[in-house]
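>>> Provided below for reference: sequence and predicted model.
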Protein chains: 2
Amino acid sequence: MRMSEGVEWAVHCCLNLAWTGAEHAVSAARLAAYYELPSAYLNKQLQALARDGIVASTPGPRGGFRLARAPESITLLDVVTAIEGPRPAFRCAEIRRRGPGADPADETRCAVDQAMGQADLAWRRELAGRTLGDVMAGVERTAPAVPERVHRWFTT
Amino acid sequence: MRMSEGVEWAVHCCLNLAWTGAEHAVSAARLAAYYELPSAYLNKQLQALARDGIVASTPGPRGGFRLARAPESITLLDVVTAIEGPRPAFRCAEIRRRGPGADPADETRCAVDQAMGQADLAWRRELAGRTLGDVMAGVERTAPAVPERVHRWFTT
DNA sequence: GTTTTAGTACTCGGATAGGCCGTGTCCGAGTGCATCTGG
DNA sequence: CCAGATGCACTCGGACACGGCCTATCCGAGTACTAAAAC
C-alpha cells in the first residue's frame, strides 16, 4: 500500500498558492520549477484539484492556478481525496461468499471489512480535522521566513 | 492508494486457522480451496505471515500452517503489516529541499509529513486495537454457525 | 514378528513470467495581450 | 491620435507511451509416512 507521491506535490503547491494569494494566478510550470518537478505531470495533479473545486484554473497568458477557497476551509482529506480518489484503501472482495465456505443464508456484514472500514474512518477523521490553514500556521511557527519567501518568489 | 487483496485473504485464513485449532495443520491448498483462491499465490501470503511469526509452517505430509499465537495476541495491524510491509502509505520525498524553494538553513520537520504521519498513526492505532479474537467474537455473535462450520470443514 | 531401508507422496519455499495502475510526456483548443493598420 | 482587426505567445486540458509493483504460476528441497525386505 503506497500513496501516490502526487499527494505531496499537491499539498505543497496548495500551501504555496495560499501564501502567494488568490489575487495572483500561478502557472503549473512555475509551481513545478519551485521544487524542480516535471511540470506536465504536476499539471495533471492540479487538474485533479481543479475538478474537486480546490483550485481554480484560468487559461491564456497571465493565467494559471489559484486557491479556489480559503485555506481554512480546505482539509487535507480534500486534497488527498482529489488525488487518490474517494474509494477506501481496503476493498472487500467478499471472498467468504465464494467456494465451499459460502453460506447463502449469511447476510451479515463482513467483519473484516467492518474493522478495516473503522480504521479507514479514523484515518479520514484525522485528515479531515486538519486544514491547510492549520498546516500553514504550523509552518509559520517553526519556519517564519517561509511564507514571505514563497510570496516573494511567486509574485516577482 | 489501494491495499493488496492478499490482506483480506490473510485475515480470513487466520480466522479459519483459529477456529480449526492449532492442533491441526492446514495446507495452503486446502485453505485456498475453501474460498476458491489460487493456492500458490495464497501460499505466498502465508509465507509472509510465517516470516512475521503469525502462523507456523510445517513441511511434509500432514504438514501445513497453524496459528503460531493465541488469536487474542494477534492484532489486525500485525496481519496488515506482514502482508503490506511496515512502511507507512505516505512517503515524504522532501521535495521542499529541492529547487529554488530549498532553504538549507531550514532543519524543521516537514509539516505535511507530520500531519500524514499522525493520520497514519490513528489508522494503525485502530488496527492495533482489534485482535483476531475480537473479530472472531464479532462473527460468533452475528453468525454463530460459522465457527463450527469452519472447524468441521477443515478437520474432516 | 521386528527392525531396517528404500520409495513415495505431500508440504513449504523461493525463483520466474504476465497485467494493471501510477508515472511521465506530448500536442491541440482556447484565451488574453500586443501590435499593426486604417480612419 | 484613436478604434478595430489581426497575429501571437502563453495557458490549461486531455490523449498517448513507459515502468514498477501486484498478481499469478511453476518447480525444487525437505519431510513424514508407507511398504517392502531382511533378519
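Perfect, I can see it now.
>>> stretch A:87-106 and DNA strand C in contact?
No. No part of stretch A:87-106 sits close enough to DNA strand C to count as contact by C-beta under 7 Å from any atom of the strand; the gap is at least 9.5 Å. For every residue, glycine as well, the C-beta is placed using N, CA and C.
>>> ok, and the closest non-adjacent residue to A:Phe65?
Using C-beta to C-beta, 6 or more residues apart in numbering or on different chains and skipping the chain neighbours, the partner closest in space to A:Phe65 is A:Val55 (4.7 Å).
>>> please apply the same query to A:Ala70.
In space, A:Ala70 comes closest to A:Gly133 once its chain neighbours are excluded; the distance is 7.4 Å by C-beta to C-beta, 6+ apart.
>>> spit out the contact partners of that neighbour.
The contact partners of A:Gly133, by C-beta atoms under 8 Å, 6 or more residues apart in numbering or on different chains, come to A:18, A:70-72, A:74.
>>> turn those into a markdown table, including neighbour count, secondary structure and pLDDT.
As requested, the contacts of A:Gly133 are arranged in a markdown table below (neighbours: other C-beta atoms under 10 Å in any protein chain shown; DSSP: H, G, I helix; E, B strand; the rest coil; pLDDT from 0 to 100):
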| residue | neighbour count | secondary structure | pLDDT |
| --- | --- | --- | --- |
| A:Ala18 | 23 | helix | 98 |
| A:Ala70 | 12 | coil | 98 |
| A:Pro71 | 19 | helix | 98 |
| A:Glu72 | 13 | helix | 98 |
| A:Ile74 | 25 | coil | 98 |
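>>> most widely separated two among those residues?
The two members of these with the most space between them (C-beta to C-beta) are A:Ala18 and A:Glu72, at 9.7 Å.
>>> could you save the contacts of A:Gly133 as JSON lines and add columns showing distance to B:Ala122?
Rendered in JSON lines, the data for these read as follows (distance: C-beta to C-beta, whole Å):
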{"residue": "A:Ala18", "distance to B:Ala122": "25"}
{"residue": "A:Ala70", "distance to B:Ala122": "25"}
{"residue": "A:Pro71", "distance to B:Ala122": "22"}
{"residue": "A:Glu72", "distance to B:Ala122": "22"}
{"residue": "A:Ile74", "distance to B:Ala122": "20"}
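>>> ranges for the helices of chain A?
For chain A, the helices identified by DSSP state H occupy A:6-20, A:28-35, A:39-51, A:76-84, A:111-128, A:132-142, A:145-155, in order along the chain.
>>> what residues does chain A have near DNA strand D?
So chain A meets DNA strand D at A:1-2, A:27-30, A:40, A:43-44, A:46-47, A:50, A:57-65 (C-beta under 7 Å from any atom of the strand).
>>> from these, list just the buried residues.
A residue is treated as buried here by neighbour count (16 or more other C-beta atoms under 10 Å in any protein chain shown); on that basis the buried members of those are A:1, A:27-28, A:30, A:43, A:46, A:57, A:64-65.
>>> could I get the residues you listed as CSV with distance to A:Glu36 and pLDDT?
Conversion of these to CSV gives the following (distance: C-beta to C-beta, whole Å; pLDDT from 0 to 100):
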residue, distance to A:Glu36, pLDDT
A:Met1, 27, 93
A:Ser27, 15, 97
A:Ala28, 14, 98
A:Arg30, 12, 97
A:Asn43, 15, 98
A:Leu46, 16, 98
A:Ser57, 22, 97
A:Gly64, 18, 96
A:Phe65, 18, 98
